[in-house]
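Peer 1: coordinates only, sequence not included:
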DNA sequence: TGCTAACAGTCACTTTTGTAACTAACAAGA
DNA sequence: TCTTGTTAGTTACAAAAGTGACTGTTAGCA
């Protein structure tokens, strides 16, 4: 059936990545959906703000490669939940500076811990070496700036 | 801002995976969308059938972890495009055996080649060693059965 | 200053997805 | 055979995402 130099679909990277992303995101999704009623994009926005401090929607979009309308909607939801506040930038009134509120920060802290636990669980079946190579490779593929190890 | 033992969100696996999946799927998506007017799930169904031969929707769903309604819709679209035919299983009339038509097979062949080229491009920035570890780790994370190397 | 182009963010409209209920077919035990 | 439960696949409705047009603001330059 399969000819000899057939390219195996199951080792096609976009396929593998999609699959692995779906698989690993699912259980974690329960955390933020169940506890905070958040959507995936909301969680990602929250994480960016928690991690990097004040940012604009545009900056979050550029970094996460998520479309601006999606971000816009997520920001709206997070603002409704009082997880962030929006302030117009005085120097450029088109820009809106987004900042986590206290409860936003708390949610972030809780979720970051949950994420860490989740991550540790995921890498259980990998060796230290594999883990390192994996993260490095993924960062390259994801087009993220290379980050030195701590 | 970041406290010392902060867990870096950008190395959180589900995040990295999602990001990398989006990033790498996008350019390939242009191929099947532009050329065959296919959606992502349709492409995945097509690839499963092309790769494994006759399957039922249920089997494809089980293997790809895609929800059955999504599969159902993709199958419908592919049938409209005459890329596959559906035959009721005589031994169990609930089951529908899906099989690629000639033009379905042609599309598969074309897309498989495109996928292969795409893959080669992606791994250009990785070393042989990294590539191997990456695929292996992804297969584990994706919950796919372990496949021996060729 | 006035004109044009670019940009941040939102909105309205369409397409796609998720969820749950539904139909039809089978299975297994009373 | 009848009843109850399960399974394959579809459908209908609600939620979410994609797309393009829109508003308000800034920047550059004649």
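Peer 2: Okay, I see it. This structure is a prediction, so every number in the text was calculated from the model and none was measured.
Peer 1: now the residue nearest to the spatial centre of chain A. Nearest residue, chain neighbours left out?
Peer 2: Nearest to the mean C-alpha position of chain A, by CA atoms, centre = their mean, lies residue A:44 at 4.2 Å. Leaving aside its sequence neighbours, residue A:44 sits nearest to residue A:64 (CB to CB, 6 or more residues apart in numbering or on different chains; 5.8 Å). Using the backbone N, CA and C atoms, a C-beta is placed for each residue, glycine as well.
Peer 1: shouldn't the one you found be in contact with residue B:19?
Peer 2: Yes: between residue A:64 and residue B:19 a contact is recorded at 7.2 Å, counting by CB atoms under 8 Å.
Peer 1: shaky segments in chain A?
Peer 2: Along chain A, segments meeting pLDDT under 70 span A:1-6, A:145-150.
Peer 1: up against DNA strand C, what does it have?
Peer 2: Proximity of chain A to DNA strand C, by CB under 7 Å from any atom of the strand, involves residues A:56-59, A:61, A:68-69, A:72, A:75-76, A:86, A:94-96.
Peer 1: got TSV for these, with secondary structure, distance to DNA strand D and neighbour count too?
Peer 2: Output for those, formatted as TSV (DSSP: H, G, I helix; E, B strand; the rest coil; distance: CB to the nearest atom of the strand, whole Å; neighbours: other CB atoms under 10 Å in any protein chain shown):
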residue	secondary structure	distance to DNA strand D	neighbour count
A:56	strand	12	18
A:57	helix	12	21
A:58	helix	11	13
A:59	helix	16	16
A:61	helix	11	19
A:68	helix	8	12
A:69	helix	4	10
A:72	helix	8	14
A:75	helix	12	22
A:76	helix	11	12
A:86	strand	14	14
A:94	coil	4	8
A:95	coil	8	15
A:96	strand	11	17
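Peer 1: and of those residues, the nearest to residue A:13?
Peer 2: residue A:61 (24.3 Å; CB to CB).
Peer 1: what sits against that closest one?
Peer 2: For residue A:61, the contact set (CB atoms under 8 Å, 6 or more residues apart in numbering or on different chains) comprises A:67-68, A:71.
Peer 1: go on, residue A:54?
Peer 2: Residue A:54 neighbours (CB under 8 Å, 6+ apart): A:97-99.
Peer 1: select only the buried ones of the residues you listed in PyMOL?
Peer 2: A single PyMOL command selects the buried members of the contacts of residue A:54 (16 or more other CB atoms under 10 Å in any protein chain shown):
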select buried, chain A and resi 98
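Peer 1: strands - which of the contacts of residue A:54 land there?
Peer 2: Secondary structure from DSSP state E places A:97-99 of the contacts of residue A:54 in strands.
Peer 1: what's the closest of these to residue A:29?
Peer 2: Among the ones in strands among the contacts of residue A:54, and counting by CB to CB, the member closest to residue A:29 is residue A:98, at 22.6 Å.
Peer 1: list the beta-bridge partners for the closest one.
Peer 2: residue A:55, residue A:86 (DSSP bridges).
Peer 1: return the distance of it relative to residue A:42.
Peer 2: Going from residue A:98 to residue A:42 by CB to CB, to the nearest Å gives 12 Å.
Peer 1: so residue A:92 sits in a helix?
Peer 2: No: according to DSSP: H, G, I helix; E, B strand; the rest coil, residue A:92 belongs to no helix; its state is coil.
Peer 1: what sits against it?
Peer 2: So residue A:92 contacts nothing (CB under 8 Å, 6+ apart).
Peer 1: any idea how far residue B:85 is from it?
Peer 2: Taking CB to CB, one finds residue A:92 at 58 Å from residue B:85.
Peer 1: so residue A:33, which of the three states?
Peer 2: helix.
Peer 1: excluding its backbone neighbours, what's nearest it?
Peer 2: Using CB to CB, 6+ apart, the closest residue to residue A:33 is residue A:39 (7.5 Å).
Peer 1: so what's residue A:56 closest to, chain neighbours aside?
Peer 2: Per CB to CB, 6+ apart, closest to residue A:56 is residue A:95, 5.0 Å.
Peer 1: typo on my end, it should be residue A:31
Peer 2: Nearest non-adjacent residue to residue A:31 (CB to CB, 6+ apart): residue A:114, at 4.9 Å.
Peer 1: tell me which residues are up against the helix or strand that contains the one you found.
Peer 2: For residue A:114, the element it lies in under DSSP states H and E is helix A:102-122. The contact list for helix A:102-122 (CB under 8 Å, 6+ apart) reads A:24, A:27-28, A:31-32, A:35-36, A:43, A:46-47, A:49-50, A:78, A:82-84, A:100, B:6-7, B:9, B:11-14, B:141.
Peer 1: fine by me, we can end here.
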